[in-house]
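Enquirer: missing the sequence, but the structure's below:
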């Protein structure tokens with residue numbers, strides 16, 4: 001599989017969600033949706049957790065251990081899939097996620113909660129990566145773009161649902177209920193959903209876990225996550241440089257390793273897979289401005305906390321809409337990959353102009369929402385096609401690595417993007433409304449750079465596709 005087909009239109013949504021494939025697709029989308037909902041739900045209830053059981057000094061670690069464990073889980077997903085097959089790999093991952101959620105719900109102290117969050121992150125990372133990989137195993141190739149779109153869209157859906165559900169339980173002073181609420185749904189997918197998946201993969205067998213590569217990746221995510229929670233700009237900068245150095249070491253190791261995280265094709269003469277990973281990474285980094293949008297909405301545009309939360313969710317809504325609307329593009333797939341990042345650039349340009357504005361004007365708010373929707377919509381439109389390209393370009397020998405590699409790239413880019421956003425915002429400062437507006441302008445301007453890089457990389461992908469098609 002070294003070429004990317006562009007001429008045949010993929011089957012419609014009715015085929016994907018019909019009797020033959022519907023249960024499988026719902027199981028895969030549900031797995032990612034549950035993991036993503038847990039991310040946002042837990043973030044929402046953490047202030048209530050600290051107020052109840054204490055541990056304020058460990059507050060940020062609830063996110064740190066989750067992110068690091070998610071990277072670790074994603075990196076081991078390929079080996080689990082090869083050894084256990086889709087059905088039992090899904091069940092083991094969901095079981096770990098259930099165990100972590102129960103620990104969180106029962107936690108008497110913050111230390112116990114962190115253990116639960118680590119288990120949630122590991123199980124969720126496994127489930128996240130497996131759902132991408134099982135698309136290849138369980139569905140025909142013609143269904144991959146729409147299936148990837150639906151699975152990817154679950155992050156946008158979770159951004160809308162997670163904070164709302166977490167907010168309700170926090171408002172009721174029953175934060176543990178937010179975790180207990182997930183258990184029945186997780187068990188449903190563990191028992192019923194997993195039973196809809198194939199019992200074994202095409203090449204089930206023993207696959208080694210790339211411990212060295214996983215260690216370097218995990219260390220990189222840990223360094224950047226720990227540094228990002230510090231108030232010291234020096235610590236932020238050192239963390240970014242240290243994490244980047246570990247990533248360079250990881251890539252150097254991957255080039256010659258026999259047991260790796262990335263497919264061998266990522267280092268071959270055909271550069272398209274490398275460009276796909278780069279495009280995915282910088283698009284995810286560009287989306288990290290979303291972290292501070294609710295804060296700016298409250299302190300610059302005068303929104304209430306709930307209004308600001310959904311104000312920030314506009315980007316996620318654009319991501320979901322873009323994924324679902326453009327997943328069926330096939331004949332113009334190359335044009336979409338080349339142009340979708342332009343929407344991200346335009347969205348960030350609008351945010352640079354309007355985002356720092358201190359106003360209650362509905363017109364300004366609408367302009368800002370438009371910028372966020374364009375940013376998210378551009379990412380959502382192209383992301384399913386990039387994920388499909390990973391499978392098609394990875395080569396037959398490394399198909400088990402394809403899904404987990406895409407997830408690892410996404411999670412690592414998220415860690416870097418969040419840390420960079422915190423560093424830029426801290427540098428600009430939040431001492432008063434003028435400083436906050438200054439921080440917003442700098443944040444949106446800096447994150448315009450990865451959006452432009454995504455556009456340049458996508459143009460190279462399109463150029464290489466054309467060259468191979470004509471040659």
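Expert: Arrived safely, thanks for sending. Every value quoted in this text rests on a predicted model; they were computed, and no experiment measured them.
Enquirer: Am I right that residue 146 is in contact with residue 18?
Expert: No - using Cβ atoms under 8 Å, residue 146 is not in contact with residue 18, being 11.9 Å away. For every residue, glycine as well, the C-beta is placed using N, CA and C.
Enquirer: Which of the two has more residues huddled nearby?
Expert: Using other Cβ atoms under 10 Å, the more surrounded residue of residue 146 and residue 18 is residue 146, with 25 against 12.
Enquirer: any idea how far the more buried one is from residue 388?
Expert: From residue 146 across to residue 388, the span is 10 Å (Cβ to Cβ, to the nearest Å).
Enquirer: ok, residue 301 - contacts?
Expert: Counting by Cβ atoms under 8 Å, 6 or more residues apart in numbering, residue 301 makes contact with 308, 311, 357-360, 364-365, 368.
Enquirer: Against residue 308, how distant is it?
Expert: Counting by Cβ to Cβ, the gap from residue 301 to residue 308 is 8 Å.
Enquirer: circling back: neighbour-wise, which one of the contacts of residue 301 leads?
Expert: Going by other Cβ under 10 Å, residue 368 tops these with 25 neighbours.
Enquirer: Show me which parts of whichever strand or helix holds residue 368 are buried, residue by residue.
Expert: Using DSSP states H and E, residue 368 sits in helix 362-393. Residues 364-365, 367-393 are the ones in helix 362-393 that count as buried (16 or more other Cβ atoms under 10 Å).
Enquirer: Report all helices and strands that the helix or strand just after it contacts.
Expert: Remark: after helix 362-393, the chain's next helix or strand is helix 399-428, criterion DSSP H and E. In terms of contacts (3 or more Cβ pairs under 8 Å, 6 or more residues apart in numbering; DSSP states H and E), helix 399-428 is packed against helix 61-75, helix 77-106, helix 110-138, helix 211-228, helix 233-256, helix 272-286, helix 362-393, helix 433-446.
Enquirer: between those, which gets nearest to residue 320?
Expert: helix 362-393 (6.2 Å; Cβ to Cβ).
Enquirer: what about the closest one, average pLDDT?
Expert: Helix 362-393 shows a mean pLDDT of 89.
Enquirer: as a whole number, average confidence for stretch 313-322?
Expert: Stretch 313-322 comes out at a mean pLDDT of 85.
Enquirer: just stretch 185-205 next, same as before
Expert: When pLDDT is averaged along stretch 185-205, the result is 80.
Enquirer: what does stretch 281-301 give?
Expert: Rounded mean pLDDT across stretch 281-301 is 84.
Enquirer: In it, which residues are buried?
Expert: 281-301.
Enquirer: And stretch 314-325, by the same measure?
Expert: Buried residues in stretch 314-325, counted by 16+ other Cβ under 10 Å: 314-324.
Enquirer: Residue 122: which of those residues is nearest?
Expert: residue 316 (24.4 Å).
Enquirer: Helix or strand next in line after whichever strand or helix holds that closest one, which one?
Expert: Secondary-structure assignment from DSSP H and E places residue 316 in helix 314-326. Next in sequence after helix 314-326, counting helices and strands by DSSP H and E, comes helix 333-354.
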